[in-house]
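Student: got a predicted structure here, sequence first:
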Amino acid sequence: MILAGDFNAKHTSWGGDINDERGQDIVDWTTRHNIYIHNTYDSLPTFQTTRGKSWIDLTMTKTIIIHDWTVQEEDTLSDHHYVCFSLQIQKGQIQQRTQTRNDINNINTEELKIIHNTTKTHNKTKKTNQIWWTPELQRLRQATNHLRKKYQQERDTINRRHAEHEYLRQRRLYKNTIKETKNTTIRQYFTNTDPDGPWNTAYRIIRNKNKSNNKLSTIKKDGTWTIDRNETIQYLHHKYFPNDNEEEDEEEHKHIRQKKSKIIYERRDNHNHKRHKKQKSDSNRRDQQRNN
């Protein structure tokens with residue numbers, strides 16, 4: 001079992017200098033059920049903003065071995081940092097699954113409530129393998145990470161303020177470039193269609209780019225072929241726009257019709273009521289004007 005996420009819990013066992021009630025609950029729960037917390041007290045903070053930092057993203061395991069647990073320094077365009085580790089699967093791991101499941105079933109309701117109230121899972125993955133990723137984005141990410149590290153290491157107040165400004169400016173540039181690159185990639189994907197793609201013919205007809213004479217021909221129906229264009233049109237019309245015959249309705253269709261009729265009648269009554277009310281108000285106003 002691997003349990004990882006933003007627990008928003010503080011304890012000196014995994015970093016920081018304060019303990020809170022939620023952090024102590026997690027320590028007690030993991031100790032009681034032999035669950036191992038891989039966070040270390042000397043790791044980089046898992047959450048950091050310009051206003052502060054904390055160690056609130058935890059990684060826990062039971063009967064599973066992981067190695068090289070680290071908090072990455074690179075910028076994620078989020079307040080949370082990447083947490084990376086290597087997973088080792090041992091022989092016989094599958095046989096241990098039943099035991100782990102039984103251990104989970106033994107967790108009482110109060111403990112499940114603690115887990116529910118303290119966990120908020122995240123699935124942050126690097127997106128460098130996406131089709132929209134470019135060498136320019138790689139360069140911007142490296143520059144952003146460099147300025148971020150420079151800002152974090154600066155101790156002089158004036159220089160730190162300047163470093164923060166440079167880092168945030170670079171971060172905005174990096175974020176906006178990602179957005180623009182994604183949009184451009186999507187536009188190119190839908191405009192530069194593959195000539196052999198299944199939607200290419202429909203796309204060219206809609207955009208009026210097809211120079212050939214695309215007349216509707218015969219199609220196959222019920223094991224036979226239509227003989228001409230008129231029969232093809234009639235068949236398609238009947239198949240995709242069938243006659244609405246109430247006598248063929250099933251119970252579900254009857255219920256939908258009744259519900260629809262009720263809504264129509266209610267709207268009509270409401271409209272008539274408002275119109276009558278307005279007419280009465282206009283009549284009273286005219287009478288008042290004549291009396292004055």
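Tutor: In hand now; what should we look at?

Student: so the nearest residue to Pro45 once chain neighbours are set aside, which of the three states?
Tutor: Nearest non-adjacent residue to Pro45, counting by CB to CB, 6 or more residues apart in numbering: Lys53, 3.9 Å away. Any C-beta I mention is one placed from the backbone N, CA and C, and that applies to glycine too. What DSSP: H, G, I helix; E, B strand; the rest coil gives for Lys53 is strand.

Student: so how far is Lys150 from Lys53?
Tutor: 16 Å (CB to CB, to the nearest Å).

Student: burial count for Arg267?
Tutor: Counted by other CB atoms under 10 Å, the residues lying close to Arg267 total 10.

Student: actually Asp20, sorry about that
Tutor: The burial count assigned to Asp20 is 12, neighbours taken as other CB under 10 Å.

Student: contacting residues around it?
Tutor: Residues near Asp20 by CB atoms under 8 Å, 6 or more residues apart in numbering: Ala9, Lys10, His11.

Student: let me know the closest of those to His253.
Tutor: Nearest to His253 among the contacts of Asp20, counting by CB to CB, is Ala9 at 53.5 Å.

Student: which SS state does that closest one fall under?
Tutor: Here Ala9 is recorded as coil under three-state DSSP.

Student: can you give me the mean pLDDT across stretch 179-187?
Tutor: What stretch 179-187 shows for mean pLDDT is 86.

Student: buried stuff in it?
Tutor: Buried residues in stretch 179-187, counted by 16 or more other CB atoms under 10 Å: Thr181.

Student: what of stretch 46-62?
Tutor: Those would be 46-48, 53-62, for stretch 46-62 by 16+ other CB under 10 Å.

Student: and that stretch, C-alpha only, in PDB?
Tutor: Taking C-alpha atoms only, stretch 46-62 is exported to PDB below (Å, rounded to 0.1, in the frame of the first residue of the first chain):
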ATOM      1  CA  THR A  46       7.100  20.200   0.100                       C
ATOM      2  CA  PHE A  47       5.000  23.400   0.100                       C
ATOM      3  CA  GLN A  48       6.400  26.900  -0.400                       C
ATOM      4  CA  THR A  49       5.100  30.300  -1.300                       C
ATOM      5  CA  THR A  50       6.500  33.800  -1.000                       C
ATOM      6  CA  ARG A  51       4.800  34.000   2.400                       C
ATOM      7  CA  GLY A  52       6.300  30.900   3.900                       C
ATOM      8  CA  LYS A  53       7.000  27.200   3.700                       C
ATOM      9  CA  SER A  54       5.900  23.900   5.300                       C
ATOM     10  CA  TRP A  55       6.200  20.100   5.100                       C
ATOM     11  CA  ILE A  56       2.600  18.900   4.600                       C
ATOM     12  CA  ASP A  57       2.900  16.400   1.700                       C
ATOM     13  CA  LEU A  58       3.500  13.000   3.100                       C
ATOM     14  CA  THR A  59       4.400   9.600   1.600                       C
ATOM     15  CA  MET A  60       3.500   6.400   3.500                       C
ATOM     16  CA  THR A  61       3.900   2.800   2.700                       C
ATOM     17  CA  LYS A  62       3.100  -0.600   4.200                       C
END
